[in-house]
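Enquirer: Next input, structure requested:
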Amino acid sequence: IFVLSWKKIYIGLTIHTRIIIPQLLSNADIKLEGETNEKKQFYRRNHCRNIRNFISKNNWIIADRDNTAGDNGEELLKYIKKNKLVKNVYFGLEKNSKDIERISKISKVINFWTTKYYLLYLNSEFVISSHTDNYITMPFGRKQIYLNFILNRKFIYLQSGVSIGNLSPLLDKPVRNIDLFLSSSELEYKNLLKYYRYDESVIKLTGMPRYDKLNNKEKNNEKIIFFYPTWRSEIAGPGLPRKQGRPYRSDYKNSEYFKFFNSILTNKKLINKLKEKKYKIVYCFHPIMKEQIIDHESNDVVEYVSEIDYNGILNKASLMVTDYSSLSFDFAYLKKPVIYAQFDNEKFFKEHIYLKDIYFDFNKDGFGDVERTPEKVVEQIINVIDNNCKMDKKYIGKVEKFFKYNDNKNSERVYKEIIKLRK
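Expert: Presented below is the predicted three-dimensional model:
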């Protein structure tokens with residue numbers, strides 16, 4: 001799939017991008033000695049333009065997280081393969097991912113941080129992902145600014161969930177230069193246009209591909225309560241190179257976060273109700289905090305997991321308890337009850353990754369009751385169980401108002417918007 005001239009360029013190169021890029025620009029560097037920075041940039045850009053015609057760009061790269069699939073990327077991949085829409089499509093995963101076996105039955109898999117991946121990236125037409133980490137948006141590091149003059153590849157951001165606030169410092173045009181930015185509701189769409197430096201040609205209202213696989217048939221529901229709190233920047237350890245996860249924190253049990261959720265999950269009144277009604281709690285850690293699972297111990301009514309089939313648990317569970325996770329939108333999309341356990345609302349939006357511009361008010365716009373104390377959360381869980389886990393009519397109305405589409409055609413709309421970028 002790679003042009004012969006590119007093979008020659010890369011003979012003897014290591015996979016380390018700080019070696020690849022300087023060699024890529026080596027011909028331009030001949031002219032750079034004694035020149036100003038402005039002149040150096042000029043020569044490098046011209047050199048990149050001159051070799052642009054040697055690149056074949058007929059490949060698609062799709063990805064979710066570095067080591068897992070199961071998000072919007074995988075669902076879009078399934079739609080593309082099922083309808084035989086793209087011949088050269090690859091799904092990106094690290095070589096030790098447990099999902100490789102499953103995904104390889106659907107599509108070709110490319111391993112991140114390998115020579116083949118870098119070559120494929122250079123020869124890609126579209127790079128599509130539910131995340132914007134550097135391994136998918138900037139695999140060649142800071143010098144990719146020069147490489148972009150050659151590639152002209154388009155980056156499509158599927159999102160990993162409904163955006164509730166302003167993340168422009170992480171996603172704005174000067175930072176990620178997104179070519180297609182997808183949204184799921186009118187409210188979200190307007191917020192993205194307001195706070196991000198993209199216009200209507202980039203931000204599109206399509207719905208998320210993974211919603212196509214959500215099934216709200218009542219017969220599928222099991223007596224499962226799905227706990228899924230999001231992560232905290234002040235608790236998670238430092239980032240790991242080439243990883244989305246964080247290392248284990250030995251002081252995790254001292255956090256207010258641990259104490260709050262642990263007091264709910266060990267509440268005797270709740271445990272008795274679960275046993276009486278034959279319910280079970282499945283508590284899943286956010287991928288960034290999954291190493292903390294060793295600080296918890298599963299029992300007859302509470303199971304702690306670090307990985308899960310999200311579509312599977314969303315379709316099966318009867319109730320979801322979270323704090324701020326965007327997965328609550330998926331669950332509400334199914335018109336099943338949600339409880340928001342928010343002990344640190346003001347602190348979270350002040351210290352986490354969001355700016356102060358939060359368009360989604362959980363108290364006003366949310367799809368369930370918001371509680372601040374463990375006792376109140378327990379009380380609400382018991383109330384919902386006693387009501388056979390039915391979503392209140394007022395929240396059903398909010399769900400129907402919030403989501404633009406509920407027709408299982410999100411992947412189709414996304415694909416059509418991607419193809420338009422060719423024009």
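Enquirer: drop to CA atoms for contacts and neighbour counts, all remaining ones
Expert: OK.
Enquirer: any idea how far Lys390 is from Leu265?
Expert: Distance, Lys390 to Leu265, using CA to CA, to the nearest Å: 22 Å.
Enquirer: Phe343 now?
Expert: Distance of Phe343 to Leu265, given as CA to CA: 15 Å.
Enquirer: separation between the residue most central in space within the chain and Asn216?
Expert: The chain has Ser160 as the residue nearest its centroid, 3.0 Å off, counting by CA atoms, centre = their mean. Ser160 sits 20 Å away from Asn216, going by CA to CA.
Enquirer: Repeat that for Lys98.
Expert: 28 Å.
Enquirer: got it, and Asp179?
Expert: 33 Å.
Enquirer: again with Ile418
Expert: Using CA to CA, we find Ile418 at a distance of 28 Å from Asn216.
Enquirer: So, low pLDDT: which residues of the stretch 301-423 of the chain?
Expert: Low-confidence segments of the stretch 301-423 of the chain (pLDDT under 70): 352-357.
Enquirer: and the strand or helix carrying Asn311, what does it pack onto?
Expert: Using DSSP states H and E, Asn311 falls within helix 310-316. Identification of packing neighbours for helix 310-316 by 3 or more CA pairs under 8 Å, 6 or more residues apart in numbering; DSSP states H and E yields strand 224-227.
Enquirer: so how far does stretch 351-362 reach from one end to the other?
Expert: The straight-line separation of the ends of stretch 351-362 (CA to CA) is 18 Å.
Enquirer: for the stretch 101-250 of the chain, what spans make up the strands?
Expert: Taking DSSP state E, counting those that start in this stretch, the strands of the stretch 101-250 of the chain run over residues 108-111, 124-129, 154-157, 180-183, 203-205, 224-227.
Enquirer: And the contacts of the first one?
Expert: Read it as strand 108-111. Outside strand 108-111, the residues that touch it by CA atoms under 8 Å, 6 or more residues apart in numbering are 89-95, 100, 103, 116-117.
Enquirer: Swap in 6 Å and give it another go.
Expert: Residues from elsewhere that reach strand 108-111 (CA atoms under 6 Å, 6 or more residues apart in numbering): 90-95.
Enquirer: so how far is stretch 412-423 off the chain centroid?
Expert: On the basis of CA atoms, centre = their mean, to the nearest Å, stretch 412-423 sits 20 Å off its chain's mean C-alpha point.
Enquirer: which parts of that stretch are buried?
Expert: Within stretch 412-423, the residues scored as buried using 16 or more other CA atoms under 10 Å are 412-415, 417-418.
Enquirer: What residues of stretch 186-206 count as buried?
Expert: In stretch 186-206, counting by 16+ other CA under 10 Å, buried: 187-189, 191-192, 196, 198, 202-206.
Enquirer: Rounded mean pLDDT for that stretch, please.
Expert: Averaged across stretch 186-206, pLDDT comes to 93.
Enquirer: residues near Lys401, how many?
Expert: 12 (other CA atoms under 10 Å).
Enquirer: ok, then the element right after the one helix or strand it maps to?
Expert: Following DSSP H and E, one finds Lys401 within helix 393-402. Using DSSP H and E, the next helix or strand after helix 393-402 towards the C-terminus is helix 410-420.
Enquirer: quick one, that following helix and strand 124-129 angle?
Expert: Following axes from the mean of the first three to the mean of the last three CA atoms, to 10 degrees, one obtains 150 degrees for the angle between helix 410-420 and strand 124-129.
Enquirer: Not counting its own residues, what contacts helix 410-420?
Expert: Contact with helix 410-420 is made by 76, 206-209, as judged by CA under 6 Å, 6+ apart.
Enquirer: Which one of those is nearest to Phe348?
Expert: Within the contacts of helix 410-420, the smallest distance to Phe348 is 25.7 Å, found for Met208 (CA to CA).
Enquirer: Next one: the residue nearest to the closest one when sequence neighbours are not counted relative to Arg210, how far apart?
Expert: Counting by CA to CA, 6 or more residues apart in numbering, Met208 lies nearest to Asn410, which is 5.7 Å off, once chain neighbours are set aside. The gap separating Asn410 from Arg210 is 8 Å, by CA to CA.
Enquirer: What are the boundaries of the helices in the stretch 101-250 of the chain?
Expert: Remark: helices assigned in the stretch 101-250 of the chain by DSSP state H, counting those that start in this stretch are 115-122, 134-137, 144-151, 168-171, 173-176, 186-195.
Enquirer: right, and these - which one's nearest Tyr304?
Expert: Per CA to CA, nearest to Tyr304 of the helices of the stretch 101-250 of the chain: helix 134-137, 29.2 Å.
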